[in-house]
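**Q** Quick one: sequence plus predicted model below, questions after.
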Amino acid sequence: MTERDRLDLRGLLPPNVMSSEQQIERFMVDLKRLEVQARDGPLDPNALAKWRILNRLHDRNETMYYKVLVAHIKEYAPIVYTPTVGLVCQNYSGLFRRPRGMYFSAEDRGEMMSMVYNWPAEQVDMIVVTDGSRILGLGDLGVHGIGIAIGKLDIYVAAAGINPQRVLPVMIDVGTNNEELLKNPLYLGLQEHRLDGDEYLAVIDEFMEAVFTRWPHVIVQFEDFQSKWAFKLLQRYRNTYRMFNDDVQGTAGVAIAGLLGAVRAQGRPMIDFPKQKIVVAGAGSAGIGVLNAARKTMARMLGNNESAFEAARSQFWVVDAQGLITEERENIDQDASPFARKVKEINRQGLREGASLVEVVQKVKPDVLLGLSAVGGLFTKEVLEALKGSTATRPAIFAMSNPTTNAECTPEQAFSILGENIIFASGSPFKDINFGNGHIGHCNQGNNMYLFPGSGLGTLLSGAPIVSDGMLQAAAECLAAYMTEDEVHEGIIYPSISRIRDITKEIAAAVIMEAIEEDLVAGYRDVDARELQKFNKEQILEFVKNNMWDPDYPTVVYHQD
Ligand SMILES: NC(=O)c1ccc[n+]([C@@H]2O[C@H](COP(=O)([O-])OP(=O)(O)OC[C@H]3O[C@@H](n4cnc5c(N)ncnc54)[C@H](O)[C@@H]3O)[C@@H](O)[C@H]2O)c1
Ligand SMILES: O=C(O)C[C@H](O)C(=O)O
Ligand SMILES: [Mg+2]
């Protein structure tokens, strides 16, 4: 550690200082991985190999890397992002070659304000930070979770045109509760249990203070924090710092856009959304984020008053690991309690506290079944059979958990049991289904990647000091409106990933317009607040486009014709 300090390297390497013997062992494990992978590897046996080739290009030639990513985003998003990034994090001790990003650990308490200056870039626009406690649906991956921050920032560069020299992936290593990692001699992080309570908060507070001191205009995206902390940290920082939580707020926006799309796909106007009966499986950071946003959206459509808000509540049934959540639940989670069903209501429906997902679907006959449970296969044959009783003309299934193996069901399962006339979306990409009769079963990717790049870019360019609910709502509405009637009728409720740069531009513009509306803008670079406020929509779109970085080699020598 003293050597790291003398060389100004604190924070630029993973916390665990390894001997050369350990380094050789790490390398050998990786070298032998090919054999292991051939035996019991992932669905795409080449996925990790592709990730490595891309990663080497990333290290060698950043411009070229992003040229490849932008030009082939549909093909390579599943490699640098969900689902392969999950596998990368699970195998990070072997895959790690050079550090990318910064590591702040529990051992760095009291040092963060100075170590933040070890980062070589003068300006940072976007930080994605994780504590590795809930990486996708894979649980606590400790320091190896840094892969998720790197992957999210790749999408920021490719989709939102954030300059790659101005992004910073961050891992806050407060230990891990993953017993395997605690025992693994090749683990790159601190081998102690996670800090909790005030000690934990003190580390995150110190990190926030340090990065905002060095880069007062940076935006910090919180990613894959376990639900226990996700909400608390959001409440703690959202009114003072430019930050948001992607799993809570980004997921909510993308789900709202999809839910509104599902209403349109039933041939109904969006304003019918408050009539939808929605069963949500999973009451963690993502599920609760979606529930809160969906309830607010319904309430707004119903008149935006106290009784509308109360009426909207009764459209949701929430099932977690212990079954249906009702008022009778003991030690109910504070964030889930607004969605606990009243005993009288559910008795009438023939349900009870802890009822199983199948029972709930059978009795409620929902229009929408949405999964954010991290449990692969949760939507079993029985659950999908029960959904046949849905009162909707076209029921919608959102199997949103990541990565692929955690999806609540596959599109094959959904379409084969429920037939062609459904809407299907999943968090990780699946291929469309060809029914062989000229019809296609569309597999939409309902992933927050449609929302966070535009929300971040819009916030950056508006200069807004915080990320308001209104700005995020504007982002979601923009995504919902992006799809044409024809597309929606065909069952396409999210655009193709190949259009992500264009969607992101539109979303960023919508976010800026909302920030103007809320009088939050402060301007960006040579465009000050006053000028920005006078822009019309076209000018805002142009402003966004002009500020998106393109992966081009700079011209060094000018030729005269
Ligand atoms: N598609 C997206 O854009 C997106 C965004 C965020 C999160 N996610 C995914 O959502 C999942 C959950 O994330 P989280 O942060 O909310 O996690 P979490 O661990 O906080 O929450 C999981 C929830 O699922 C519940 N659950 C567990 N077993 C269940 C069961 N058998 N039946 C019903 N519910 C059950 C738990 O009680 C808990 O409420 C992860 O897989 C994550 O990858 C997807
Ligand atoms: O990372 C993703 O693909 C989406 C989401 O943020 C998740 O945690 O699953
Ligand atoms: Mg996430």
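**A** Arrived safely, thanks for sending. Ligands and ions are numbered 1, 2, ... in the order given.
**Q** Compute the distance between the closest residue to Ser373 other than its chain neighbours and Leu372, please.
**A** Counting by Cβ to Cβ, 6 or more residues apart in numbering, the nearest residue to Ser373 once its immediate chain neighbours are dropped is Gly282, at 3.6 Å. All C-beta spots, glycine's among them, are computed from the backbone N, C-alpha and C. With distances taken as Cβ to Cβ, to the nearest Å, Gly282 is found 4 Å from Leu372.
**Q** list residues touching both of those two?
**A** Ser401 (Cβ atoms under 8 Å, 6 or more residues apart in numbering).
**Q** Now do the contacts for whatever residue of the stretch 401-550 of the chain ends up closest to ligand 3.
**A** When scored by Cβ to the ion, the stretch 401-550 of the chain has Asn448 as its residue closest to ligand 3, at 6.8 Å. Counting by Cβ under 8 Å, 6+ apart, Asn448 touches Asp246, Asp247, Gly250, Thr251, Gly253, Val254.
**Q** how far away is it from Gly289?
**A** In this view, Asn448 and Gly289 are 10 Å apart by Cβ to Cβ.
**Q** who touches both of those two?
**A** Asp247, Thr251.
**Q** Ligand 3 next: which of the contacts of Asn448 are close?
**A** The subset of the contacts of Asn448 within reach of ligand 3, counting by Cβ under 5 Å from the ion, consists of Asp247.
**Q** Strand partners (parallel or antiparallel) of the strand ranked longest in the chain?
**A** Longest strand in the chain by number of residues (criterion: DSSP state E): strand 167-173. Strand 167-173 has the following sheet partners, assigned by DSSP bridges: strand 102-105 (parallel), strand 126-130 (parallel).
**Q** Would you convert those strands into TSV that also reports distance to ligand 2 and mean neighbour count?
**A** Listed next are the strands paired with strand 167-173 as TSV, based on distance: least, Cβ to the nearest ligand atom, whole Å; neighbours: other Cβ atoms under 10 Å:
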stretch	distance to ligand 2	mean neighbour count
strand 102-105	20	25
strand 126-130	10	27
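**Q** Dump those strands to a markdown table, plus mean pLDDT.
**A** As requested, those are exported to a markdown table (pLDDT from 0 to 100):
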| stretch | mean pLDDT |
| --- | --- |
| strand 102-105 | 98 |
| strand 126-130 | 98 |
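**Q** ok, the nearest residue to Met548 once chain neighbours are set aside - contacts?
**A** Distances taken as Cβ to Cβ, 6+ apart place Gly161 nearest to Met548, at 2.7 Å, with adjacent residues excluded. Gly161 makes contacts with Leu457, Arg501, Thr504, Asn547, Met548, Trp549, Asp550, as judged by Cβ under 8 Å, 6+ apart.
**Q** wait, what's in contact with Thr324?
**A** Careful, residue 324 is Leu; it's not Thr. If you count contacts by Cβ under 8 Å, 6+ apart, then Leu324 has Trp317, Val318, Arg341, Ile346, Leu351, Arg352, Glu353, Gly354, Ala355, Ser356, Glu359, Val360 around it.
**Q** Tell me, how many residues neighbour the last one?
**A** Per other Cβ atoms under 10 Å, the neighbour tally for Val360 reads 24.
**Q** Just to be sure, it is in a helix?
**A** Yes - according to DSSP: H, G, I helix; E, B strand; the rest coil, Val360 belongs to a helix.
**Q** Look up how far ligand 2 lies from the closest residue to ligand 1 within the stretch 51-200 of the chain.
**A** Distances between the stretch 51-200 of the chain and ligand 1 by Cβ to the nearest ligand atom are smallest at Gly137, namely 2.7 Å. Remark: distance between Gly137 and ligand 2 (Cβ to the nearest ligand atom, to the nearest Å) = 7 Å.
**Q** Specify the local secondary structure of that residue.
**A** When classified by three-state DSSP, Gly137 comes out as coil.
**Q** May I see the strands paired with strand 167-173 organised as CSV, with distance to Glu420 added?
**A** Output for these, formatted as CSV (distance: least, Cβ to Cβ, whole Å):
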stretch, distance to Glu420
strand 102-105, 49
strand 126-130, 39
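**Q** Out of these, which is closest to Phe435?
**A** Smallest distance to Phe435 across the strands paired with strand 167-173 (Cβ to Cβ): 39.3 Å, for strand 126-130.
**Q** Any residue of stretch 395-406 touching ligand 3?
**A** No - residues of stretch 395-406 are not located near ligand 3 by Cβ under 5 Å from the ion, the shortest gap being 7.6 Å.
**Q** end to end, how far does that stretch reach?
**A** In stretch 395-406, first residue to last residue: 21 Å (Cα to Cα, to the nearest Å).
**Q** is ligand 1 contacted by that stretch?
**A** Yes - Stretch 395-406 reaches ligand 1 (Cβ under 6 Å from any ligand atom) through Met400, Ser401, Asn402, Asn406.
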